[in-house]
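In: need coordinates for the following:
(one chain, ligands or ions: 2)
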Amino acid sequence: MVSPPRPVPPTPEALARAAALLRAGRLVAFPTETVYGLGAHALDAAAVGRIYAAKGRPATNPVIVHVADAAAARTLAAAWPPAAEALAARFWPGPLTLVLPKAAAVPDAVTAGLPAVALRVPAHPVALALLRAAGLPVAAPSANRSTEVSPTTAAHVVASLGSAVDLVLDGGPTTVGIESTVLDLTGDRPRILRPGMVSAEAIAAVAGPLAVAPTTVDDATPRASPGMMERHYAPRAPLRVVEHGMLAGAVAAGPAPVGLVTYRPPPTLVGAPRIVMLPDEPEGYARRLYAALHELDAAGAAAIVVEAVPETAAWDAIRDRLRRAATP
Ligand code: TXA
Ligand code: MG
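Out: Ligands and ions are numbered 1, 2, ... in the order given. Here you go, the predicted structure:
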């Protein structure tokens with residue numbers, strides 16, 4: 001068996017090696033501000049095919065293309081409406097992905113055959129340095145096996161993908177912590193396909209009123225964005241989201257050992273769960289949520305109980321991820 005790669009610090013030498021690997025069609029995991037990405041040369045269909053193989057990802061789920069700046073994004077889109085211009089100027093580099101009609105150069109392997117491509121300029125110095133060194137667009141989904149919780153550290157990448165990845169650049173823990181907002185700009189109005197920390201309100205302030213999008217899609221409905229599939233971002237242990245007042249009962253119900261994720265001091269508990277208390281504001285909570293789930297999985301939790309988070313808009317993306325992580 002090939003031993004898994006050891007994450008390397010992003011020295012100039014490591015970045016040059018990573019860029020050379022990408023140009024040669026190999027896979028490089030790298031940090032972004034949201035989660036770690038599993039990168040491949042976006043214009044090389046065979047290289048993109050390796051991403052799907054490494055993740056066990058269904059060929060119907062397209063991947064995001066990362067570029068160093070808006071000018072590079074524009075060359076990959078067949079249309080660049082004023083909303084794209086305004087949103088790119090306001091939010092890039094940053095955790096917003098724009099879906100636009102694809103240019104001919106973008107292979108079908110990237111878009112899963114869809115006529116649109118998802119584009120993003122990440123706000124992480126290592127990601128930007130890699131994109132500049134490689135001098136090419138980098139297709140990158142989150143660097144985890146399909147349906148697992150996304151990685152927010154280099155160690156999470158290695159634990160999930162092992163030797164399926166050729167090089168892992170270690171940029172430390174990511175700061176946003178959950179995946180980018182995915183925004184479809186191919187219709188009459190912008191439409192959120194996946195909520196993220198760039199909020200609907202912030203987008204509407206720049207691009208005008210949004211189209212109403214379903215936040216969940218059942219299996220019978222054709223998907224505009226296959227990442228909308230219900231169970232996703234899930235830890236190994238079954239996960240339940242429970243109101244604060246029901247936490248004690250949920251922990252007592254087990255099965256033990258229970259891992260408990262709260263953002264307020266927990267009530268008196270029967271049983272001895274492993275408790276991870278997260279910040280009580282959405283930015284801090286999002287930053288640490290996936291690490292908490294990885295930690296409880298690694299600690300051997302047989303069940304994970306998560307305190308329900310507030311129903312306010314600022315917590316939209318977090319509620320979305322918890323819903324998808326929950327066991328049906
Ligand atoms: O923050 C992020 O977005 C991270 C980092 C690595 O950039 N990437 C990420 O990629 O989360 P992934 O593959 O795990 O999720 C990409 C999402 C999926 O929901 C996918 O369906 C959607 O973007 N997507 C990609 N291309 C699309 C397209 N052409 N049309 C519609 N949705 C698309
Ligand atoms: Mg993913």
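
In: give me the phi and psi for residue 149.
Out: In terms of degrees, to the nearest 10, the main-chain angles of residue 149 are phi -70, psi 140.

In: now do it against ligand 1, distance only.
Out: 11 Å (Cβ to the nearest ligand atom, to the nearest Å). The way it works is simple: take the backbone N, C-alpha and C, and place the C-beta from them, glycine included.

In: what's the neighbour count on that residue?
Out: 26 (other Cβ atoms under 10 Å).

In: and for residue 191?
Out: With other Cβ under 10 Å as criterion, residue 191 counts 18.

In: ligand 1 versus that one, what's the distance?
Out: 10 Å.

In: name the element the closest residue to residue 235 other than its chain neighbours belongs to?
Out: Nearest non-adjacent residue to residue 235, counting by Cβ to Cβ, 6 or more residues apart in numbering: residue 293, 4.4 Å away. For residue 293, the element it lies in under DSSP states H and E is helix 282-298.

In: packing partners of that helix?
Out: helix 154-161, strand 258-262, strand 274-277, helix 316-325 (3 or more Cβ pairs under 8 Å, 6 or more residues apart in numbering; DSSP states H and E).

In: kindly reformat the ones you listed as a markdown table containing mean neighbour count, mean pLDDT and distance to residue 120.
Out: Formatted as a markdown table, these follow (neighbours: other Cβ atoms under 10 Å; pLDDT from 0 to 100; distance: least, Cβ to Cβ, whole Å):
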| stretch | mean neighbour count | mean pLDDT | distance to residue 120 |
| --- | --- | --- | --- |
| helix 154-161 | 23 | 96 | 19 |
| strand 258-262 | 24 | 96 | 28 |
| strand 274-277 | 17 | 95 | 29 |
| helix 316-325 | 21 | 96 | 15 |
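
In: ok, back up a step: now the helix holding residue 293 and strand 258-262, what's the angle there?
Out: Relative orientation of helix 282-298 versus strand 258-262 (axes from the mean of the first three to the mean of the last three Cα atoms, to 10 degrees): 170 degrees.

In: for ligand 1, what are the nearby residues on the protein?
Out: 32, 34-35, 37, 61-64, 95, 97, 99, 111, 114, 116-118, 120, 122, 140-142, 179-180, 182, 193-194, 225-227 (Cβ under 6 Å from any ligand atom).
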